[in-house]
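Asks: sequence first, predicted model second:
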Amino acid sequence: FSLADDNRPSPRLYFSQVVRTGLLEQPAGPRARGMAVTLADDTILMVGGEGATTIERYDPRAATVVEVDHDPFDGRVGAAVALFEDGRPAIIGGLVGGTPATTSLLISPTGTVEEVPDTAVTLGRSNLTATSLADGQILITGGRDAAGLASSKVVRMRTNASDIVTLELVNSAALAHARERHVVTPLGDGGASLLITGGNDNLGVIAQSELY
């Protein structure tokens, strides 16, 4: 079979063997516990990490890594990253200097970094998840709060007609198990349902999964 350059297969293709095909002439910069997200053009944006404030874009077709000129921001760890409805990556939660971040970050293709304050105090967690939904919103689940406890909170991040980003706590849909370091997997092409698996609560590893 063949695939055009601009055609991303759906559902994804899985191969029986993974092989190394080459080395990058310009490797990515070192970063500990940073974040990465695949953009709409299939390039990969690598952001932040422990003490790192760099943004790099990896192009797998050209095998290049280019540093993005951007507005300054504080490096953070344990954050989650997901694409907003207009394609902008949103960096949510995490720790800045060991303290839970009080803002989320939106990054434009030109490197403009926009801070989104959490006025309702719905976040303030690390090791949480952020999942892009079919309706353009981002669903944020779980994480570890400032007291070091796992959270059962579910938050929706959305934008209105005036491009104002809001965070809304979903009071009717808390997780059955408070968990952090878990995984959220969209089911089906539209991602109408989400499978929430693994992670830790305040006692240990969680064996039960949940369907949202």
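Replies: Arrived safely.
Asks: center of this structure - which residue?
Replies: Val81 (1.7 Å; C-alpha atoms, centre = their mean).
Asks: for that residue, give the beta-bridge partners.
Replies: The partner list for Val81 in beta bridges (DSSP bridges) reads Ile91.
Asks: so it versus Ile55, what's the distance?
Replies: To Ile55, Val81 is 11 Å away according to C-beta to C-beta, to the nearest Å. (Each C-beta comes from the backbone N, C-alpha and C, glycine too.)
Asks: where in the protein is pLDDT low?
Replies: 1-3, 9-11, 19-22, 189-191 (pLDDT under 70).
Asks: before we move on, the earlier item: ok, now which ones touch the residue nearest to the centre of the chain?
Replies: Met35, Ala36, Val37, Val47, Pro89, Ala90, Ile91, Ile92, Ala130 (C-beta atoms under 8 Å, 6 or more residues apart in numbering).
Asks: looking at those residues, spot the one nearest Ala161.
Replies: Ala90 (18.5 Å; C-beta to C-beta).
Asks: count of neighbours near the closest one?
Replies: 23 (other C-beta atoms under 10 Å).
Asks: what of Gly148?
Replies: Burial of Gly148, expressed as a neighbour count using other C-beta under 10 Å, amounts to 9.
Asks: and for Thr102?
Replies: Neighbour number of Thr102 under other C-beta under 10 Å is 14.
Asks: and it, how close does it get to Leu139?
Replies: In terms of C-beta to C-beta, Thr102 sits 20 Å off from Leu139.
Asks: with Phe15 instead?
Replies: Distance, Phe15 to Leu139, using C-beta to C-beta: 30 Å.
Asks: top of the contacts of Val81 by number of neighbours, please.
Replies: Highest neighbour count within those, by other C-beta under 10 Å: Ile92, with 29 neighbours.
Asks: okay, and the common contacts of Val81 and Ile55?
Replies: With C-beta under 8 Å, 6+ apart as the test, Val81 and Ile55 both reach Val47.
Asks: nearest residue to Val113 in space, please, no chain neighbours.
Replies: Counting by C-beta to C-beta, 6 or more residues apart in numbering, Asp71 is the residue found nearest to Val113 once chain neighbours are left out, at 4.0 Å.
Asks: no no, Arg61
Replies: Asp5 (7.0 Å).
Asks: counting neighbours, what do you get for that neighbour?
Replies: Considering only other C-beta under 10 Å, Asp5 is surrounded by 7 other residues.
Asks: how about it, secondary structure?
Replies: Following DSSP: H, G, I helix; E, B strand; the rest coil, we place Asp5 in the coil state.
Asks: relative to Arg12, how far out is it?
Replies: Asp5 sits 17 Å away from Arg12, going by C-beta to C-beta.
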